[in-house]
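1. Kindly generate the corresponding structure for this input.
(chains A, B, C, D, E and F)
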There are 4 protein chains.
Amino acid sequence: MPDRVAAVEDKRALIRGAAVRAFAKKGYHACRVSDIAEEAGVAYGLVYHYFGSKEAVLETVFRETWQLMLNAIQAVEELGEPAPEQIRKVAAIVLRTWRDDPDLVRVLVREVTRSPQLQNEIGEIVLAFQALERIIERGKAEGSFRADLDSRLAATMVYGALEEILTGWVMGQLPDSDEDVKAAERAVAATFAHGLGSVPG
Amino acid sequence: MPDRVAAVEDKRALIRGAAVRAFAKKGYHACRVSDIAEEAGVAYGLVYHYFGSKEAVLETVFRETWQLMLNAIQAVEELGEPAPEQIRKVAAIVLRTWRDDPDLVRVLVREVTRSPQLQNEIGEIVLAFQALERIIERGKAEGSFRADLDSRLAATMVYGALEEILTGWVMGQLPDSDEDVKAAERAVAATFAHGLGSVPG
Amino acid sequence: MPDRVAAVEDKRALIRGAAVRAFAKKGYHACRVSDIAEEAGVAYGLVYHYFGSKEAVLETVFRETWQLMLNAIQAVEELGEPAPEQIRKVAAIVLRTWRDDPDLVRVLVREVTRSPQLQNEIGEIVLAFQALERIIERGKAEGSFRADLDSRLAATMVYGALEEILTGWVMGQLPDSDEDVKAAERAVAATFAHGLGSVPG
Amino acid sequence: MPDRVAAVEDKRALIRGAAVRAFAKKGYHACRVSDIAEEAGVAYGLVYHYFGSKEAVLETVFRETWQLMLNAIQAVEELGEPAPEQIRKVAAIVLRTWRDDPDLVRVLVREVTRSPQLQNEIGEIVLAFQALERIIERGKAEGSFRADLDSRLAATMVYGALEEILTGWVMGQLPDSDEDVKAAERAVAATFAHGLGSVPG
DNA sequence: AATGAATGAGTTTTCATTCAT
DNA sequence: TATGAATGAAAACTCATTCAT
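-> Okay, the predicted model is just below:
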């Protein structure tokens, strides 16, 4: 029986993974259900068997992976380090995910952030944003960041900077070697440590 | 004769404007060509007469908007002011577009992801990016920005921050009164003036 | 499983046959995909499922018919009979197709002109032509045909004569009773046996 | 005034010539009215001004040029030479037209012969066929051709052979130098002189 | 669980033709 | 004469989804 369940999960995961690759390749809208099935090497009826609809596949991809990202960010928060260091670690998590699974990042970045439906239906994305906001808020409290800073706006800028770097990698417009990934991490950390900092130049 | 040409351009612009409103209202995907035509008050055949396809309408909107953006940014470049001030002015141009034409920004923000290649295909976007890069490069030369800064990466962060702020407004997650727009402009200017700055804290 | 495959082939053949009837009735141009589907008693989506496009249906009809023709002609070649007799048999094959499937011939004759490239794209037609050329070539070798004959040109004349007779039948300008078909076969055989012959008058 | 009429005729002829080239390039069906206009360098409204419809353009092309062919064939008849010689001269006329205006031949051969509407509407095409038939009939009377020959069928074969040679040239499958054209003429003449001849082998 | 044949609503797209200028 | 903007009927085509096997 457990084998049975495991087998089922395997096939589900197989299709989910194929969907990530297919969405990454052509974009969600341009991607037909049959493209997902073909990528997975199964008949497209099976996609419906496991996920019910094309949109549900995307939502599942998002929900199941964004949660991991969220957990990582919250773990950073709990260490209680200075805000700039926390920003650096968040940048590291987000950017290094690229190394681990570029296709996944491509989908998360491109499709999910801008989908009105997903935005509303899924609380997780808001939670990640709020975590970032809390970090900045605490930075202001501890004196690392300017007191007059609008935390929401600052979180938006940090998120945007990270997303655009990922996009640059996805689109092949930025170099993305291991060294480049680390350099990007340092650049983000430095820019916002000073850019949001309380005692600038 | 000039009247004739002008009339043609008017009608083209009429349809393009209608398309922006229609796309903003329902999204590109859910928007039928007949919706555009109806919004413009013309037969849908005319949309094909002027643009050739539904996708070409969207591409035109992107291309022509970015051309304006590009012109504005290049005008800023030519003033020869200090790099941080140039960044501030670019931010102002980009962000104030939201005030001037929210529907347009809504479409630009929501539909960038439509075609992964779209962004590369539209040379104007690339050129605008390069202008930003040049500004940062000049900032390094004049000593405003750190000499060890990766200009491409820095331009990416600035661009990302601006885009994400626009996204926040589009998605209704950031306040967007006139005052908020100005505050955002100042925040971006300050963050990157210091964040990229050569004599940080 | 073989049943499954066979069933699929049956359905495909069903639609192809319906297409031949529909094209013969109204002509390719005036024939809508839904006419084909209606003739076959299926939804028109199924035409796309099996053939991809309306034009592909026509191309398939051409290709598969010429494949049969080609096989028959090659079978004639392999008997190793004298060239004039081979010509006679080829004429019989081609002309009797009119009796066997007038709709098919009607479509082949009327729609050859549809796409100028069509004929070159369908390799089977080229191969059939080459078989005819080989027969004539062999006729020269065995002394049945004039040694100074241009085989390509001769094959062209034979092919043209056959096609024009079919056209005459299709257009209703030549009588086409069983007896007429046999007479035509004899006329072609005699004309080219003597016309290409090595010891004329 | 004569200038006025001449100018009108010039423009008409310009469009007709452009239509021939356009039809030759893409085939009648695939050819849009705007393609004709573009080829002529005029607005497509003008095509309607002079011809009324797309089909009327084709019919005009046919009528005005086929008449020339017909006159030439009838002139051959009137010389009263032996039938085989008349066949040779008809072949010469038809085939040499290729040299003079390949595009025109391409259109006549490909489009007109097989168009059911044109076939019915235009008597000239039948007249040419009948002239060929009369020549063969006379050949039987004078003893050049077999008495048991079906003249209609024989005319069909001759016509088909000529048409297919033209098609071969049009499609680039037969060499078409001046020398090849003459060789083809001789081949047709010889083949049918002997092939239809009264004292074969 | 797995397949892919079958459906058809809903689009996009074509293009001959009209007609105001 | 000449233009090409404007029309819209008519058709091709897409593809998510259902369901019998």
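2. ok, how many other residues are close to the nearest residue to residue A:54 once chain neighbours are set aside?
-> Nearest non-adjacent residue to residue A:54, counting by Cβ to Cβ, 6 or more residues apart in numbering or on different chains: residue A:33, 5.2 Å away. Quick note: C-beta positions are derived from backbone N, CA and C, even for glycine. Look at residue A:33: counted by other Cβ atoms under 10 Å in any protein chain shown, it has 17 neighbours.
3. which secondary element of chain A has the worst mean pLDDT?
-> Least confident element among the helices and strands of chain A, by mean pLDDT, DSSP states H and E: helix A:116-121 (a mean of 66).
4. Settle this for me: the residue nearest to residue A:54 is touching residue A:43, isn't it.
-> No. Residue A:33 is beyond contact range of residue A:43, at 10.5 Å (criterion: Cβ atoms under 8 Å).
5. burial of the residue in chain A that chain C sits nearest to, as a residue count?
-> Residue nearest to chain C within chain A (Cβ to the nearest Cβ): residue A:34, separated by 11.3 Å. For residue A:34, the neighbour count with other Cβ under 10 Å is 12.
6. Next: residue A:101.
-> For residue A:101, the neighbour count with other Cβ under 10 Å is 15.
7. low-confidence ranges in chain A?
-> A:1-7, A:112-114, A:116-122, A:199-201 (pLDDT under 70).
8. still on that earlier bit, list the contacts for the residue of chain A closest to chain C?
-> When contacts are counted by Cβ atoms under 8 Å, 6 or more residues apart in numbering or on different chains, residue A:34 touches residue A:44.
9. do stretch A:82-89 and chain B meet?
-> No. Using Cβ under 8 Å from any Cβ of the partner chain, stretch A:82-89 stays clear of chain B, with a minimum separation of 10.5 Å.
10. how about the residue of chain A at minimum distance from chain D, secondary structure?
-> When scored by Cβ to the nearest Cβ, chain A has residue A:30 as its residue closest to chain D, at 28.5 Å. Following DSSP: H, G, I helix; E, B strand; the rest coil, the label given to residue A:30 is coil.
11. Distance-wise, check it relative to residue A:83.
-> Spatial separation of residue A:30 from residue A:83 under the definition Cβ to Cβ, to the nearest Å is 41 Å.
12. The two: who's more crowded?
-> A direct count of neighbours by other Cβ under 10 Å for residue A:30 and residue A:83 places residue A:83 higher, at 23 against 13.
13. correct me, but the more buried one touches residue A:149?
-> No. Between residue A:83 and residue A:149 there is no contact under Cβ under 8 Å: 10.8 Å.
14. where do the contact lists of the two overlap?
-> Contacts common to residue A:83 and residue A:149, judged by Cβ under 8 Å, 6+ apart, are residue A:136.
15. Quick one: residues contacting residue A:136.
-> Residues near residue A:136 by Cβ under 8 Å, 6+ apart: A:83, A:87, A:145, A:149, A:151, A:154, A:155, A:158, A:196.
16. CSV for the residues you listed, including distance to residue B:187?
-> Below are these laid out as CSV (distance: Cβ to Cβ, whole Å):
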residue, distance to residue B:187
A:83, 17
A:87, 16
A:145, 12
A:149, 8
A:151, 11
A:154, 7
A:155, 11
A:158, 12
A:196, 9
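17. Where helices are concerned, which of those count?
-> Cross-referencing the contacts of residue A:136 against helices under DSSP state H gives A:83, A:87, A:151, A:154, A:155, A:158.
18. tell me, which of those residues make contact with chain D?
-> Answer for the ones in helices among the contacts of residue A:136 near chain D: none qualify (Cβ under 8 Å from any Cβ).
19. Could you rank those residues by neighbour count and give me the top one?
-> That'd be residue A:158 among the ones in helices among the contacts of residue A:136, by other Cβ under 10 Å, with 29 neighbours.
20. didn't it look like it was pressed against residue A:191?
-> No. In this structure, residue A:158 is not within contact of residue A:191 by Cβ under 8 Å, at 9.2 Å.
21. Please identify the helix or strand for the residue of chain A found nearest DNA strand E.
-> Using Cβ to the nearest atom of the strand, the single residue of chain A nearest to DNA strand E is residue A:45, 2.0 Å away. Assigned by DSSP states H and E, residue A:45 belongs to helix A:44-51.
22. Also residue A:71?
-> Assigned by DSSP H and E, residue A:71 falls within helix A:54-78.
23. quick one: is that helix near DNA strand E?
-> No. Under the criterion of Cβ under 7 Å from any atom of the strand, helix A:54-78 makes no contact with DNA strand E; the nearest approach is 13.2 Å.
24. if I pick residue A:138, what's in contact with it?
-> Residue A:138 sits in contact with A:83, A:86, where contact means Cβ under 8 Å, 6+ apart.
25. Residue numbers of chain A in contact with DNA strand F?
-> A:30, A:31, A:32, A:33, A:34, A:44, A:45, A:48, A:53, A:54, A:55.
26. ok now stretch A:66-79, how far from the chain's centre?
-> Distance, stretch centre to chain centre, for stretch A:66-79: 12 Å (Cα atoms, centre = their mean, to the nearest Å).
27. Give me the residues contacting it.
-> Here stretch A:66-79 makes contact (Cβ under 8 Å, 6+ apart) with A:86, A:89-90, A:93-94, A:97, A:108, A:112, A:122, A:124-125, A:127-128, A:131-132, A:134-135.
28. Report how many residues lie close to the residue of chain A closest to DNA strand E.
-> 9.
29. Could you report the distance from it to residue B:172?
-> Using Cβ to Cβ, one obtains 39 Å as the distance from residue A:45 to residue B:172.
30. Same question for residue A:186.
-> 34 Å.
31. and these two? which has more neighbours close in?
-> residue A:186 (15 against 10).
32. what angle separates the host helix or strand of residue A:162 from helix B:151-170?
-> In this structure, residue A:162 sits in helix A:151-170 according to DSSP H and E. Calculated by axes from the mean of the first three to the mean of the last three Cα atoms, to 10 degrees, helix A:151-170 forms an angle of 130 degrees with helix B:151-170.
33. helices or strands up against helix A:151-170?
-> Contacts defined by 3 or more Cβ pairs under 8 Å, 6 or more residues apart in numbering or on different chains; DSSP states H and E place helix A:151-170 against helix A:83-100, helix A:102-107, helix A:123-142, helix A:178-195, helix B:151-170, helix B:178-195.
34. Among the ones you listed, single out whichever gets nearest to residue D:63.
-> For residue D:63, the closest of these is helix A:102-107, at 62.6 Å, according to Cβ to Cβ.
35. quick one: residue A:22 and residue A:31 touch, right?
-> Yes. In this structure residue A:22 lies within contact range of residue A:31 using Cβ under 8 Å: 5.1 Å.
36. Please say which of these two ends up with more neighbours.
-> residue A:22 (26 against 21).
37. Going by neighbour count, which residues of whatever helix or strand the more buried one lives in are buried?
-> Residue A:22 is located in helix A:2-26, with elements delineated by DSSP H and E. By 16 or more other Cβ atoms under 10 Å in any protein chain shown, the buried positions in helix A:2-26 come out as A:14, A:15, A:16, A:17, A:18, A:19, A:20, A:21, A:22, A:23, A:24.
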